[in-house]
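**Student:** need a structure here:
(chains A, B, C and D)
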Protein chains: 4
Amino acid sequence: MLHKKIAIQTEGSLPDASLTLYLWDYSEEIPIRKRPLILILPGGGYHFLSDRESEPIALRFMAMGFHTAILRYSVAPARFPVSLKETALAVSYLYEHADEYQIDSDSIFVMGFSAGGHLAASYGAYWNSAFLSQESGCRTETLRPAGLLLCYPVISSDPAIRHEGSIRELLGDDWQDEELLRKVSIDKQVHPQMPPAFLWNTMQDDTVPPENSLVLVQAYMKQGIPIEYHLYEKGGHGLSLASALTDNMQHQCIEESCQNWIYLAEKWLNRSECKFLT
Amino acid sequence: MLHKKIAIQTEGSLPDASLTLYLWDYSEEIPIRKRPLILILPGGGYHFLSDRESEPIALRFMAMGFHTAILRYSVAPARFPVSLKETALAVSYLYEHADEYQIDSDSIFVMGFSAGGHLAASYGAYWNSAFLSQESGCRTETLRPAGLLLCYPVISSDPAIRHEGSIRELLGDDWQDEELLRKVSIDKQVHPQMPPAFLWNTMQDDTVPPENSLVLVQAYMKQGIPIEYHLYEKGGHGLSLASALTDNMQHQCIEESCQNWIYLAEKWLNRSECKFLT
Amino acid sequence: MLHKKIAIQTEGSLPDASLTLYLWDYSEEIPIRKRPLILILPGGGYHFLSDRESEPIALRFMAMGFHTAILRYSVAPARFPVSLKETALAVSYLYEHADEYQIDSDSIFVMGFSAGGHLAASYGAYWNSAFLSQESGCRTETLRPAGLLLCYPVISSDPAIRHEGSIRELLGDDWQDEELLRKVSIDKQVHPQMPPAFLWNTMQDDTVPPENSLVLVQAYMKQGIPIEYHLYEKGGHGLSLASALTDNMQHQCIEESCQNWIYLAEKWLNRSECKFLT
Amino acid sequence: MLHKKIAIQTEGSLPDASLTLYLWDYSEEIPIRKRPLILILPGGGYHFLSDRESEPIALRFMAMGFHTAILRYSVAPARFPVSLKETALAVSYLYEHADEYQIDSDSIFVMGFSAGGHLAASYGAYWNSAFLSQESGCRTETLRPAGLLLCYPVISSDPAIRHEGSIRELLGDDWQDEELLRKVSIDKQVHPQMPPAFLWNTMQDDTVPPENSLVLVQAYMKQGIPIEYHLYEKGGHGLSLASALTDNMQHQCIEESCQNWIYLAEKWLNRSECKFLT
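**Tutor:** Got it, this is the predicted structure:
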């Protein structure tokens, strides 16, 4: 495999923003050529990046046959849209190196957890905007995501349901600016070119209200964009794989009933649009 | 096992309304005593009852260790609330015979498909109403459901998302009566004594709009009642088990990506509130 | 479903020997016509018949789409070959009623547990013998089994590995007769017309030595007859489903690592020779 | 993760013999400290090393939470016991670096495929021999394996069932030497200090006769050493994961019924002796 770290830097980036690659070697013995790639955006409320949502996830999807990559994007004090631009730079880098790395550039998925889910959803909304192309300096053709995987994401800036911490860290002093708040409320930004999405969270999440996912599902349905959504009854926030592999130090993150989300995600990824394995 | 058919008749019932029991025998060799029971309400748009959502479902849950029963409720020309009263009679019958049949009367779940899902959800909303107790003649203490399992249910009478066929068959000539329409729009009837629910449907359902499930999830969340919801991207209406066992004659009902719903339902049933097997 | 009990009586039978049917109803809505059938022979050391290996098994396979039937064969003081003749009568009955019951008569499987596994294996060895045809009065064409499923079976009468209790109950006073001992040591009776077999047991079985299975696998391999064999490390004798559904009163029969045997059996049944569901 | 290649060289080694590490990073956020390790020995008839049995396996077990490592041992013209010594050097290296790499040195498993399975089984037989300690220069205390995972292994040198190609490549000109043949027939070398084993193969394997596995199971049983064995009916030789991820260029290596072996192996690894995840 190719395991390698690339610096991702744009105006406003923190010094350690980076993209870590987990790429399958090509083998003459195996008939798989180009592989889809999953770009992983860990969570952490836009103030840190969680290990629990980084390598264990990359390795799990890699074992399914995908190339994976982890974007360690800039968090506070970096502000919107720095991490969004970094996501664009990462996707564009993968597009530009698709031949070299045997990536199927039509199958680059963006996956995020919690605040990273907000970033992934934001990217799904803005990937084809003039705004992002200008800010990042990337050509829109190199930015198209094939789909989004959103795990207990922050979505809305509506005071009734938002995760205030993430919104404040993302926007800083401007966090009450109406226009900015609208811009980062992804349920308000859904448009027909957003990619299909796979989404899951838990009813008992008392950090990011579960309504965040619900408003995104509604917006997708209104636009008729394909979405798959799994709302589990049990389980708190930040479960990652929900198994011992990603338990936290307080032992709060094993939730047997949620552990199947990754199999559901695998099935969703392998449906007709991306059946590289069948 | 005890396999037996009981007539269920109330004012307005069709002559063949009945309850079919699939009950485990008690064995001195096995330490299970009382078992939970799942009462199954097949779909069919309130104009027929589908075999595809009857015995294959009863047998599948029975194999998991549950007692099951199928209520073949009255459809058109029988009107609201005949089938609701029949559901009450069925549940009450099971309560009253709990000792004889070794049923755990605290664990009677009501499950419905499509229009049967509407009936199950209606029952969840009205089980403790004076209205239903009076109409059915059953004491409310004998009517409490432990939970609902709703498969691609009809929920709303809102013209924007309703399944008009089901609503018309249910209400007959009165189908435009505002008060009645409100009464059968279960998203409008959610209250704190409704039981927890497990719900699934598909985005591509072009018979019952998927928003029917979504509005119920929202109403549950607003009340803080536990709900688990699985929205699959692929698959049309009426999938039942989504496998060859319940395919239809046009071979439209095998959808591999949905086949896990029954395992998710099993996990939900076996969570802490009903862990008779662990 | 059709749930019905048939008396099975031949010379030497106990008065309550019987065949209990668990047959799917035919439905005009579902494209499945004829179904394979699994005939279940419970264990009990040829001195009783275990409930734990009867209805829970019948229901589980029925839920997969199979017709099932339980043969409550005669045990001691009935002796060899009474139960073997009863098995022939049961299979023949199912053949003769295949049209009436919508049974695919080319797909009648015989399944047995422990001593019932010995009976199933014996039937697999003797189904086409002149001996069994004469003794039972059934035509050989009506006796052909499509396959065997053997769960922790008694196989051998070799003193080094045999389960003496089963052999004694089966043979009675003649239990040291060399010719009889050879006749009931099924590893010695394997011939090219024996049907394919699926077999499982556990290394820690301290009732029926695991070598019983091993000698059968060797004999099958020598003849080139297809066999699938799963030897689990953990788990004692008589696990049945190895889950809470079939635990015993001493709570010794839950063994999580063995619970997958039934999925492996389902896959084996649904392979090319019997793919009624695909 | 730490992904790194170490040269493994002893007298007679090919120049590119090496050990490639796939080690989890330690994270302060996750309560797992030391992890078990699986050392993988690819197959290839002792004349090459298959990619199909290398990285896809390492990544799959890594995703389950194990450290993994691939030993690219020397094949022909290197002869016995060069690859055996290399295996000892690899295990000893891992023991000596257990603290640095956070390896649980009591849980180093050795896994092999086909001829690699022969090497793994040989290592299991000889790990505590004076012979291996002397030849490799490693202290026996640093060589103890916690268990073996053997996938369609070459085991026996008995002309009736052996895979002649592997034996000839392993022994070279001496391949008819009786003493050597006995030494490499692992079924003849089983002793009480051999570690527990997990073993699988297929009945239809027409390269390495399935009896190779059977004789090892018998030898283990005779010694009372724990063994788990899965013999599938379908599937040819060299299936690796039996899925598209490890298909070969002739598209002969997808066998759905065998794909569960890795889940069975995971369960076996996580049983009481190695339950780091529970």
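
**Student:** For A:Ser114, see how far away A:Ser54 is.
**Tutor:** According to CB to CB, to the nearest Å, A:Ser54 stands 12 Å off from A:Ser114. Backbone N, C-alpha and C define where each C-beta goes, glycine included.

**Student:** okay, those two: which has more neighbours?
**Tutor:** Each of A:Ser54 and A:Ser114 has its neighbours counted (other CB atoms under 10 Å in any protein chain shown); A:Ser114 has more, 30 against 26.

**Student:** Please name the nearest non-neighbouring residue to that one.
**Tutor:** A:Gly43 (3.0 Å; CB to CB, 6 or more residues apart in numbering or on different chains).

**Student:** Report the contact partners of the nearest residue to A:Ile225 once chain neighbours are set aside.
**Tutor:** With sequence-adjacent residues excluded and distances taken as CB to CB, 6+ apart, A:Ile225 is closest to A:Met194, at 5.7 Å. By CB atoms under 8 Å, 6 or more residues apart in numbering or on different chains, the contact set of A:Met194 is A:124-125, A:148, A:220, A:223, A:225.

**Student:** out of those residues, who has the most neighbours?
**Tutor:** A:Gly124 (27 neighbours).

**Student:** ok, A:Phe80 - contacts?
**Tutor:** Contacts of A:Phe80 by CB under 8 Å, 6+ apart are A:170-171, A:180, A:183-184.

**Student:** hmm, back to that, out of the contacts of A:Met194, the closest to D:Gln259 would be?
**Tutor:** A:Leu148 (28.4 Å; CB to CB).

**Student:** The helix or strand hosting A:His3 close to chain D?
**Tutor:** Mapping A:His3 onto the secondary structure by DSSP states H and E places it in strand A:2-7. Yes: counting by CB under 8 Å from any CB of the partner chain, chain D is contacted by strand A:2-7 at A:His3.

**Student:** what sits up against that strand?
**Tutor:** With CB under 8 Å, 6+ apart, strand A:2-7 has contacts from A:17-23, A:25, A:93, A:101, D:1, D:3.

**Student:** Tell me which entries of the residues you listed lie within strands.
**Tutor:** Among the contacts of strand A:2-7, the members found in strands (DSSP state E) are A:18-23, D:3.

**Student:** Farthest pair within the contacts of A:Phe80?
**Tutor:** Using CB to CB, the contacts of A:Phe80 span at most 10.4 Å, a distance reached by A:Leu170 and A:Lys183.

**Student:** the more surrounded of these two?
**Tutor:** A:Leu170 (29 against 19).

**Student:** Where do the strands of the stretch 101-250 of chain A begin and end?
**Tutor:** Assigned by DSSP state E, counting those that start in this stretch, the strands in the stretch 101-250 of chain A fall at A:103-113, A:147-151, A:197-202, A:227-232.

**Student:** Now tabulate these in TSV and tack on mean pLDDT and distance to chain C.
**Tutor:** Converted to TSV, those look like this (pLDDT from 0 to 100; distance: least, CB to the nearest CB, whole Å):
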stretch	mean pLDDT	distance to chain C
strand A:103-113	97	29
strand A:147-151	98	28
strand A:197-202	98	25
strand A:227-232	98	22
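
**Student:** which stretch among those comes nearest B:Ala78?
**Tutor:** That would be strand A:227-232 among these, by CB to CB, at 34.4 Å.

**Student:** what about that closest one, near chain B?
**Tutor:** Yes: applying CB under 8 Å from any CB, one finds strand A:227-232 touching chain B at A:227-232.

**Student:** and for that strand, what are the contacting residues?
**Tutor:** Residues from elsewhere that reach strand A:227-232 (CB under 8 Å, 6+ apart): A:196-203, A:210, A:213-214, A:216-217, A:220-221, A:255, A:257-258, A:261, A:264, A:268, B:203, B:217, B:227-233.

**Student:** so where is chain A shaky, pLDDT-wise?
**Tutor:** Within chain A, the ranges that satisfy pLDDT under 70 run A:272-278.

**Student:** got the residues of it near chain D?
**Tutor:** Close to chain D, as judged by CB under 8 Å from any CB, chain A has residues A:1, A:3, A:24-25, A:27-32, A:50-52, A:55-56, A:59-60, A:62-65, A:243-249, A:251, A:277-278.

**Student:** At which residues are the helices of the stretch 151-278 of chain A located?
**Tutor:** A:164-171, A:178-183, A:211-223, A:261-269 (DSSP state H, counting those that start in this stretch).

**Student:** Which of the ones in strands among the contacts of strand A:2-7 are buried? Put it as a ChimeraX command.
**Tutor:** Per 16 or more other CB atoms under 10 Å in any protein chain shown, the buried members of the ones in strands among the contacts of strand A:2-7 correspond to this ChimeraX selection:
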select /A:18,19,20,21,22,23
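
**Student:** any idea which of the ones in strands among the contacts of strand A:2-7 is closest to chain B?
**Tutor:** Comparing these against chain B with CB to the nearest CB places A:Tyr22 closest, at 26.1 Å.

**Student:** quick one, what contacts the closest one?
**Tutor:** A:1-3, A:58-59, A:62, A:67-70.

**Student:** would you turn those into JSON lines with distance to A:Glu11?
**Tutor:** Below are these laid out as JSON lines (distance: CB to CB, whole Å):
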{"residue": "A:Met1", "distance to A:Glu11": "33"}
{"residue": "A:Leu2", "distance to A:Glu11": "29"}
{"residue": "A:His3", "distance to A:Glu11": "29"}
{"residue": "A:Ala58", "distance to A:Glu11": "27"}
{"residue": "A:Leu59", "distance to A:Glu11": "33"}
{"residue": "A:Met62", "distance to A:Glu11": "32"}
{"residue": "A:His67", "distance to A:Glu11": "28"}
{"residue": "A:Thr68", "distance to A:Glu11": "27"}
{"residue": "A:Ala69", "distance to A:Glu11": "22"}
{"residue": "A:Ile70", "distance to A:Glu11": "22"}
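
**Student:** which among those end up buried?
**Tutor:** Restricting those to buried positions leaves A:1, A:58-59, A:62, A:67-70, with burial counted as 16+ other CB under 10 Å.

**Student:** Those residues in helices, which ones?
**Tutor:** If you go by DSSP state H, the buried ones among the contacts of A:Tyr22 have A:58-59, A:62 in helices.

**Student:** I'd like those laid out as a markdown table, including distance to chain B.
**Tutor:** Shown next, in a markdown table, are those (distance: CB to the nearest CB, whole Å):
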| residue | distance to chain B |
| --- | --- |
| A:Ala58 | 24 |
| A:Leu59 | 23 |
| A:Met62 | 22 |
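
**Student:** At the contact with chain B, which residues of chain A appear?
**Tutor:** Residues of chain A lying close to chain B (CB under 8 Å from any CB) are A:196, A:198, A:203, A:210-211, A:214, A:217-218, A:221, A:226-234, A:256-257, A:260, A:263-264, A:267-268, A:271.

**Student:** Make a ChimeraX selection of whichever of those residues turn out to be buried.
**Tutor:** Listed next is the ChimeraX selection for buried residues among the residues of chain A next to chain B, using 16+ other CB under 10 Å:
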select /A:196,198,203,210,211,214,217,218,221,226,227,228,229,230,231,232,233,234,257,260,264,267,268,271
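
**Student:** just the ones in helices among the buried ones among the contacts of A:Tyr22 now: which is nearest D:Thr87?
**Tutor:** Checking these against D:Thr87 with CB to CB, the nearest one is A:Leu59 at 25.3 Å.

**Student:** show me the residues around that closest one that make contact.
**Tutor:** A:22, A:68, D:1, D:59, D:62-63.

**Student:** With distance to B:Arg144 added, can I get these in a markdown table?
**Tutor:** Formatted as a markdown table, the contacts of A:Leu59 follow (distance: CB to CB, whole Å):
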| residue | distance to B:Arg144 |
| --- | --- |
| A:Tyr22 | 52 |
| A:Thr68 | 48 |
| D:Met1 | 53 |
| D:Leu59 | 51 |
| D:Met62 | 49 |
| D:Ala63 | 45 |
